[in-house]
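J.: using only what follows, build the 3D model:
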Amino acid sequence: MDTFAGGTSGIKGALKRAIPAAHHFRLRILATRARTLARFPAYRGDRFECPFCGRRFGAFLPDGLTLPVFRDKDISVGGYTEHVRCPWCYSSDRDRLLLLYLRDRTRIFSEALSVLHVAPEFHLTRALRRNARLRYVTGDFSAPSVSVRLNILALPFRPAIFDAIIANHVLEHVVDDRTAMTELFRVLRPGGWAIFQVPVGLALDRTFEDPSVTLPVERERVFGQFDHVRIYGPDYVDRLREAGFQAEAVPYARQLDPAVAARFRLNLREDVFLCKKPA
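T.: Numbering: from 1, shown residues only. I've put the predicted structure just below:
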């Protein structure tokens, strides 16, 4: 367990409460680096490469949950996997997938775009801010270090203001996801694009929801995480299309040279959900 990812009891809990939430992930990175340096021979090599920090290792850290629901529903993301986290910067496979897709298939790192990033990831935010031409807005309901505090069900922006929107593993947390999709469609400019990543139950025929499951411990057992409210099925793209998007599941990791996907330790089971607003 990571030093700053544990519960609220004992020394770890006291540290977590004493340190501002905005610094928790940075401290987790430092703790990861300290452990890596202490056990450096175990990670020496160049089998894997992290596109965020640029470092190469013979092994990555394992990560993920072992709950039965991940096996029973064959959930694409979040189950226990070896070699997931970079042992230097702590990037995850889903972070690396999105970064490489954005670099390979979009111009977000070079053009003067207006971008909304909902619940922004630490690594991706740092990477995007290197583009000085980007008009970059970060938003979250409760995170302290974003540009705008927002409710995804009623976004505080005028219509058609953003060229691109990123919401990476957000919608599975939202009870009324259809309203959220409609709001995201509203603030995207005609001709704009968006990426809305979610875990998908590959064994499902359709999205699984149960509004009666409200307790965190039950949501963890049923949906795989204490704050998830559903497990999306292959009809996820249909929901996005109902909101007005031209949506598709892009098998980006599987389209790469297998050696490249293996080197960056990408999850071949996770598609990129690309949405466009008709011009």
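J.: any stretches of the stretch 151-279 of the chain with poor pLDDT?
T.: Per-residue confidence for the stretch 151-279 of the chain (pLDDT under 70) gives no ranges below the cut-off.
J.: hey, where'd the helices end up in it?
T.: Shown for the stretch 151-279 of the chain, the helices assigned by DSSP state H, counting those that start in this stretch span residues 177-187, 216-223, 236-242, 252-255, 258-263.
J.: tell me how many other residues surround the residue nearest to residue 256 when sequence neighbours are not counted.
T.: On the basis of CB to CB, 6 or more residues apart in numbering, the spatially nearest residue to residue 256 that is not a chain neighbour turns out to be residue 266, at 7.3 Å. Yep, even glycine has a C-beta here, placed from its N, CA and C like the rest. Residue 266 is surrounded by 20 other residues when neighbours are defined as other CB atoms under 10 Å.
J.: how close does residue 42 get to residue 189?
T.: Here the distance between residue 42 and residue 189 works out to 48 Å (CB to CB, to the nearest Å).
J.: neighbour count for these two, which is higher?
T.: Neighbours per residue (other CB under 10 Å) separate residue 42 from residue 189, with residue 189 holding more: 17 against 13.
J.: nearest residue to the more buried one other than its sequence neighbours?
T.: residue 160 (4.6 Å).
J.: now do the phi/psi pair for the one you found.
T.: Backbone torsions of residue 160, given as degrees, to the nearest 10, read phi 50, psi 50.
J.: is it in contact with residue 190, as I believe?
T.: Yes - between residue 160 and residue 190 a contact is recorded at 6.5 Å, counting by CB atoms under 8 Å.
J.: could you check which of these two is surrounded by more residues?
T.: Set side by side, residue 160 and residue 190 show more neighbours around residue 160, with 15 against 9, by other CB under 10 Å.
J.: residues in contact with the more buried one?
T.: With contacts taken as CB atoms under 8 Å, 6 or more residues apart in numbering, residue 160 has the following neighbours: 186-190.
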